[in-house]
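J.: fold the following.
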Amino acid sequence: MCDICRTTGSGLSHGLSRRHVLHLLAAATASAGFSGALSAKEAKAPPKPQNVVSPDQALEFLHKGNQRYVAGVSRRHDFKHEREALTAGQNPYAGILSCADSRIAPEYAFDSGRGDLFVCRVAGNFANAESIASFEYAVAILGAPLILVLGHESCGAIEATIKSLKDNSTLPGHLPSLVNALAPAVKESAQQSGDPLANAIRQNVIDTVAALKSATPILQGAVSDGKLKVVGGIYHLADGKVEMVE
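T.: Presented below is the predicted three-dimensional model:
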């Protein structure tokens with residue numbers, strides 16, 4: 001007998017309210033729908049079978065793609081046939097959390113084709129509720145085995161946060177939301193030696209990787225099961241090379 005049947009069959013003698021039972025039913029329905037989506041994904045052949053790889057293989061894909069990009073020998077991608085293949089679905093080999101900076105283009109930086117990367121972008125490349133939920137979808141439903149947090153040199157969002165905190169000033173419009181999100185990394189790196197901006201950029205990548213790894217239950221569970229790896233990197237503007245952050 002399931003937990004819901006057991007509690008309802010007892011005439012709510014354990015003190016459960018009708019509202020509580022309805023919550024249990026809703027949770028069970030959502031769980032069944034989620035499992036059904038996973039079953040459908042597993043039963044359906046992936047549109048890009050070459051993307052069904054381990055976390056380490058996915059990281060190697062990114063590394064080799066970035067090497068080609070830096071060397072100026074990017075592949076000629078057949079976007080026409082990729083578009084046709086991807087009408088039935090998608091199975092990216094990696095998720096990328098990137099800054100919205102116009103100089104940073106993950107699909108170019110890793111010499112990837114359509115359907116290879118699941119990209120979320122926000123100024124300052126920090127993890128918010130929406131990006132975490134998006135990566136939960138990429139991992140649990142699409143089967144992505146890797147997430148890369150991609151920071152970059154001369155990040156304007158982090159530079160503005162440093163200045164705002166130093167001057168104790170409030171930026172106009174909705175910009176304070178970026179400052180609030182990036183302030184912890186700026187403050188944590190403030191005592192480090194070296195360039196304050198570079199230190200804050202690196203610390204923000206480290207903190208965001210930790211936030212994604214610990215996002216329960218989906219991402220943390222996938223990491224614990226060895227199905228997902230979350231790593232960090234910094235994009236160098238001059239040559240396009242992505243330096244991995246430990």
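J.: list the contacts of Tyr235.
T.: For Tyr235, the residues meeting the contact criterion (C-beta atoms under 8 Å, 6 or more residues apart in numbering) are 104, 109, 150-153, 241-242. For glycine as for every other residue, the C-beta is placed from the backbone atoms N, C-alpha and C.
J.: nearest spatial neighbour of it, chain-adjacent residues omitted?
T.: Residue nearest to Tyr235 in three dimensions, not counting chain neighbours: His152, with 4.0 Å by C-beta to C-beta, 6 or more residues apart in numbering.
J.: wait, the one you found sits on Gly240?
T.: No. Counting by C-beta atoms under 8 Å, Gly240 is not a contact partner of His152; they are 10.3 Å apart.
J.: more neighbours, these two?
T.: Summary of the neighbour comparison: His152 and Gly240, criterion other C-beta atoms under 10 Å, with His152 having more neighbours (22 against 17).
J.: so who does the more buried one touch?
T.: Residues in contact with His152, defined by C-beta under 8 Å, 6+ apart, are 99, 101, 103-104, 125, 201, 234-237.
J.: repeat that with 7 Å
T.: Residues in contact with His152, defined by C-beta atoms under 7 Å, 6 or more residues apart in numbering, are 99, 101, 104, 234-235, 237.
J.: for Ile201, see how far away it is.
T.: From His152 over to Ile201 the distance is 7 Å, taken as C-beta to C-beta, to the nearest Å.
J.: between those two, which contacts overlap?
T.: Ile234.
J.: next structured bit after the helix or strand where Glu188 lies?
T.: In this assignment (DSSP states H and E), Glu188 forms part of helix 175-189. Once the chain leaves helix 175-189, the next helix or strand it forms, by DSSP H and E, is helix 196-213.
J.: which parts of the protein are strands?
T.: 94-98, 117-121, 146-152, 229-235, 242-245 (DSSP state E).
J.: so can I have CSV of those strands showing distance to Ser177 and mean pLDDT?
T.: What follows is the strands of the chain, written out as CSV (distance: least, C-beta to C-beta, whole Å; pLDDT from 0 to 100):
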stretch, distance to Ser177, mean pLDDT
strand 94-98, 17, 98
strand 117-121, 15, 98
strand 146-152, 19, 98
strand 229-235, 22, 98
strand 242-245, 24, 98
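J.: in a markdown table: those strands, plus distance to Arg75.
T.: As requested, the strands of the chain are exported to a markdown table (distance: least, C-beta to C-beta, whole Å):
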| stretch | distance to Arg75 |
| --- | --- |
| strand 94-98 | 17 |
| strand 117-121 | 14 |
| strand 146-152 | 20 |
| strand 229-235 | 20 |
| strand 242-245 | 17 |
